[in-house]
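Visitor: Please find the sequence and the predicted model below.
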Amino acid sequence: MQRQLLLGDEAVGLGAIHAGLSGVYGYPGTPSTEIFEFVESYAKKAGNIHAFWSTNEKVAYEEALGMSWAGKRALVCMKHVGLNVAADAFMNSAVTGTNGGLVLAVADDPGMHSSQNEQDSRYYAQFALIPCFEPHDQQECYDMMLEAFELSEELSTPVMIRLVTRIAHSRSAVATTPEPRPQNDLEPNRDIKKWTLLPSNARVQYRHLTEKQPELLRRSENSRYNTLSLAGNKGVIVCGLAANYFYENVGDEHDLSVLTLRQYPLPAAKIRALTEHVDELLVLEDGYPLVESTIRGLFGLQNVIVRGRMSGELPRTGELNPDLVREALGLPPLETAREPQAGVAGRPPSLCKGCPHTDTFRALNEALNTFDNPQVFSDIGCYTLAALPPLEAIHSCVAMGASIGMAAGAAHAGYSPAVAAIGDSTFSHGGITPLLSAVQQGVNLNVIVVDNSTVGMTGTQRSMSTGQTLDQIILGAGIDPAHMRIIEPLPKNHDVNVQVIREELSHQGPSVIIARRACLEAIKRHKVS
Amino acid sequence: MQKNIILAGVGGQGILSIAFVIDNAALDAGLQFKQAEVHGMSQRGGAVQSNLRYSDRTIHSDLIPLGRADLVLSVEPLEVLRYWHYLAPDGWVVTSVTPYVNISDYPPTEELLEELATFPNLLLLDAGQIAQAAGNVRAQNMAVLGAASTLLDFSEERLLKYVEVLFLKKGERIVEVNRRAFRYGRAAARFSRELLDRGGAPLDALALCRKLDPASIDPVHAEAWSALAAANPDKLQTILDGQETIACDQVAGLA
């Protein structure tokens, strides 16, 4: 058996390939990006897997669903907040069900290493009534993919595999199957009522979905990933990679009753067997207290003290780690060489030296210096770093594309100047529709599109709307060509750029300024200009 | 056997390249390993770290618990302070003293080194100087890896094999520069270690290494240098204060 050195993300990608994958879909987002990129680089050599980044997660999900409809296996991957964007297609795909296997790999980011929240995707699986796997190591990332595709086809349901940062971005050796499964043939599913969610059909499909639930529960109860071992009268439930932190601290020598949870829906019978056996129960899960809150219910359990994130034994927010788990288990801290050093100078991330965004925001800051406390609504990308010193040029970052919608709303309220800053790829992801809306309403706002020709933050992936394509989309949305201005953000153009921005700020109505200069990192990596 | 290492540095300094070499050496040696890293936003010039663990038994956690780290390996001196409380009481710090200054409140280097020198198990390395001597200032990470290799459980050949794999795409010259940086780093660390074992202080060992041509450093001369330091400290000081770089084996003529 071959052992390969893989990130959790890469193990998911390889598992999908070996499961007979025909298409991978997604939009870049830390910590999920490497799933797609692994399959993409394989596809470049093998050539028989569709691998092309989508404009956003919703599009990616729908493309994957179309691949499934056609009878082939599809993987769609995204970060946790990306699933919010894809939620419409996602929820309804549970109702239609699938044809070829459809697996959603979603990477959560507890602790928000590179995200704006730490929402827990297991709730989405529960919400959509679909099964969810939660691997605890890189080997399971691989193994579970093989099973997830089988389960998806067998029960005609999308299946979620939920990762967290520490598994997505951690490497280990993975043993792989000797014989990858061949891809499915093209066999479209022509059961029209299944796929056409008119209310009359949807009611039938939704009933089918609810009727699948006992079988999904049976699979969880019998899953080799959900293991119960009864010992002493203190119990622990370890979900996903929380098992690692648990065993790191207690090893094999302990008297605790342990339930491992890695396949959902929750195996109620196993949980009941545990709670009936113990007096105290500690729930370890990375993310929200989903299992803990379910077990507590509204009124708590009789005869069992339940501990976890809700009781305060573990912090309610943030990433789990072996030290927090050690404390929650009541074990004394280990001796260390030092106390934590106080007052170490922070080293926050910053824009690269020579980055075009720096020149854009310097010009914007100066152009706005005639206003008291000007507000710049911004978006998600490298340019979000302009919020930090020394630039401090942007004042919001909420969701992909939200800069334009929020600036429009502020303008509706009478706020001026209403300025939005958004990157070229974020614009294609979520900025086109709010711009169209603003133009149609004749809103007085200024949009700065920082067009660096790439998706910079996640590793310089291909941008869908850069250069001429971007210009055409903006004009197509109805922006007056006289008020679509293009500047080149370079130190030598500073004064001219300030002037252009000032002119557009004084214009009543929607305008777009495109600050166009390629990302230096992209130039270095792809040798493009 | 288990080794828990915290790799530290600044985004862009090549922490993950160090991890690549150790990971592959561990895989090659048939060991278990886990290596957690940070991607995304923090890679843009921010503080980055990677937790690397290898063992001949099962490794559970991807993250190293407080008090279980055996080694903090840092490409940059300030970053050591962020993680050294993870070290076990007998843990080691191996760090470059070449500062990466991209923040306004970076402490004065002298103060920083004094602070580091309070740590008992410490190897200091001027990775900037060594990488320069090896042919490319960007090879500092491989110099630090070479220095730390004396505390790892792999042969020099096994590690160098993956230094080669890592840089193969960039051409033979870059491979050679990085292999050289690794070897110079390793020699400097072994030399320093000999000095420390003979009662030398880490800062003094660093000062002497900086005076020597990195290509010439050889631990066989450590005994003679220690003897010189003991017998004739003034003479050693004169050499350290002098302008020119000298070869390690010149100690024979000085004693």
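Guide: Thanks, I have the structure now. Because the structure is a prediction, the values reported are computed rather than measured.

Visitor: From now on I want contacts and neighbour counts done on CA atoms only, so please keep to that.
Guide: Will do.

Visitor: just the strands in the stretch 251-400 of chain A please.
Guide: For the stretch 251-400 of chain A, the strands defined by DSSP state E, counting those that start in this stretch occupy A:257-261, A:263-264, A:280-284, A:305-307, A:376-377.

Visitor: Please tabulate these in TSV, including the columns mean pLDDT, mean neighbour count and distance to chain B.
Guide: Shown next, in TSV, are the strands of the stretch 251-400 of chain A (pLDDT from 0 to 100; neighbours: other Cα atoms under 10 Å in any protein chain shown; distance: least, Cα to the nearest Cα, whole Å):
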stretch	mean pLDDT	mean neighbour count	distance to chain B
strand A:257-261	98	24	14
strand A:263-264	98	26	19
strand A:280-284	98	23	14
strand A:305-307	97	20	22
strand A:376-377	98	26	20
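
Visitor: possible to save those strands as CSV with distance to B:Glu244?
Guide: Putting the strands of the stretch 251-400 of chain A into CSV (distance: least, Cα to Cα, whole Å) gives the following:
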stretch, distance to B:Glu244
strand A:257-261, 65
strand A:263-264, 67
strand A:280-284, 61
strand A:305-307, 66
strand A:376-377, 56
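
Visitor: Tell me the residues on the stretch 401-529 of chain A that lie near chain B, please.
Guide: Residues of the stretch 401-529 of chain A found near chain B, taking Cα under 8 Å from any Cα of the partner chain as the criterion, are A:Met457, A:Thr458, A:Gly459.

Visitor: and with 6 Å instead?
Guide: A:Thr458 (Cα under 6 Å from any Cα of the partner chain).

Visitor: where are the low-confidence patches of the stretch 401-529 of chain A?
Guide: Applying pLDDT under 70 to the stretch 401-529 of chain A flags residues A:527-529.

Visitor: ditto for chain B
Guide: B:40-43, B:255.

Visitor: Tell me which of the strands of the stretch 251-400 of chain A lies nearest to A:Val76.
Guide: strand A:263-264 (19.1 Å; Cα to Cα).

Visitor: so what secondary structure elements neighbour that closest one?
Guide: strand A:132-133 (3 or more Cα pairs under 6 Å, 6 or more residues apart in numbering or on different chains; DSSP states H and E).

Visitor: The strand it packs on pairs with which strands, and in what direction?
Guide: strand A:159-164 (parallel), strand A:263-264 (antiparallel) (DSSP bridges).

Visitor: Just give me how far that strand sits from the chain centre.
Guide: 16 Å (Cα atoms, centre = their mean, to the nearest Å).

Visitor: May I see the domains of chain A written out as residue ranges?
Guide: Chain A breaks down into these domains under automatic domain parsing: A:3-221, A:228-328, A:356-526.

Visitor: re the thing from before, what's the most buried one of the strands paired with strand A:132-133?
Guide: Using mean count of other Cα atoms under 10 Å in any protein chain shown, the stretch among the strands paired with strand A:132-133 with the largest mean neighbour count is strand A:159-164, at a mean of 28.

Visitor: got the contact list for that strand?
Guide: By Cα atoms under 6 Å, 6 or more residues apart in numbering or on different chains, the residues outside strand A:159-164 that reach it are A:Val103, A:Leu104, A:Ala105, A:Val106, A:Ala107, A:Asp108, A:Asp109, A:Pro131, A:Cys132, A:Phe133, A:Glu134, A:Ser152.

Visitor: Make JSON lines from the residues you listed and add pLDDT and neighbour count to it.
Guide: Converted to JSON lines, the contacts of strand A:159-164 look like this (pLDDT from 0 to 100; neighbours: other Cα atoms under 10 Å in any protein chain shown):
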{"residue": "A:Val103", "pLDDT": "99", "neighbour count": "30"}
{"residue": "A:Leu104", "pLDDT": "98", "neighbour count": "25"}
{"residue": "A:Ala105", "pLDDT": "98", "neighbour count": "29"}
{"residue": "A:Val106", "pLDDT": "98", "neighbour count": "27"}
{"residue": "A:Ala107", "pLDDT": "98", "neighbour count": "31"}
{"residue": "A:Asp108", "pLDDT": "98", "neighbour count": "31"}
{"residue": "A:Asp109", "pLDDT": "97", "neighbour count": "29"}
{"residue": "A:Pro131", "pLDDT": "98", "neighbour count": "25"}
{"residue": "A:Cys132", "pLDDT": "98", "neighbour count": "28"}
{"residue": "A:Phe133", "pLDDT": "98", "neighbour count": "27"}
{"residue": "A:Glu134", "pLDDT": "98", "neighbour count": "22"}
{"residue": "A:Ser152", "pLDDT": "98", "neighbour count": "23"}
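
Visitor: Pick out the most distant pair among the residues you listed.
Guide: A:Asp109 and A:Ser152 (25.2 Å).

Visitor: Roughly how far does A:Asp108 sit from chain B?
Guide: 14 Å (Cα to the nearest Cα, to the nearest Å).

Visitor: ditto for A:His395
Guide: Using Cα to the nearest Cα, we find A:His395 at a distance of 18 Å from chain B.

Visitor: So which residues on the stretch 51-200 of chain B come close to chain A?
Guide: Residues of the stretch 51-200 of chain B lying near chain A (Cα under 6 Å from any Cα): B:His60, B:Ser61, B:Pro65, B:Gly67, B:His85, B:Leu87, B:Ala88, B:Pro89.

Visitor: before we move on, which element is the last one in?
Guide: Using DSSP states H and E, B:Pro89 falls within strand B:87-96.

Visitor: what's that strand in contact with?
Guide: A:336-337, B:67-77, B:121-127.

Visitor: same question, stretch B:76-85
Guide: A:Arg338, A:Glu339, A:Pro340, B:Gly9, B:Ser96, B:Val97, B:Pro99.

Visitor: Drop anything exposed from those residues.
Guide: A:Arg338, B:Gly9, B:Ser96, B:Val97, B:Pro99 (16 or more other Cα atoms under 10 Å in any protein chain shown).

Visitor: which residue packs closest to the first one, ignoring adjacent ones?
Guide: So that's A:Arg338. Spatial nearest neighbour of A:Arg338, excluding adjacent residues (Cα to Cα, 6 or more residues apart in numbering or on different chains): B:His85 at 4.6 Å.

Visitor: Can you get me a residue count around that neighbour?
Guide: B:His85 has 22 neighbours, counted by other Cα atoms under 10 Å in any protein chain shown.

Visitor: Quick check on it: phi, psi?
Guide: For B:His85, the backbone dihedrals (degrees, to the nearest 10) come out as phi -70, psi -10.

Visitor: In chain A, which residue is most central in space?
Guide: A:Lys79 (1.0 Å; Cα atoms, centre = their mean).

Visitor: How is the closest residue in space to it that isn't next to it in sequence assigned, secondary-structure-wise?
Guide: Ranked by Cα to Cα, 6+ apart and with sequence neighbours excluded, the top spatial neighbour of A:Lys79 is A:Ala107, at 4.7 Å. Of the three states, A:Ala107 takes strand under DSSP: H, G, I helix; E, B strand; the rest coil.
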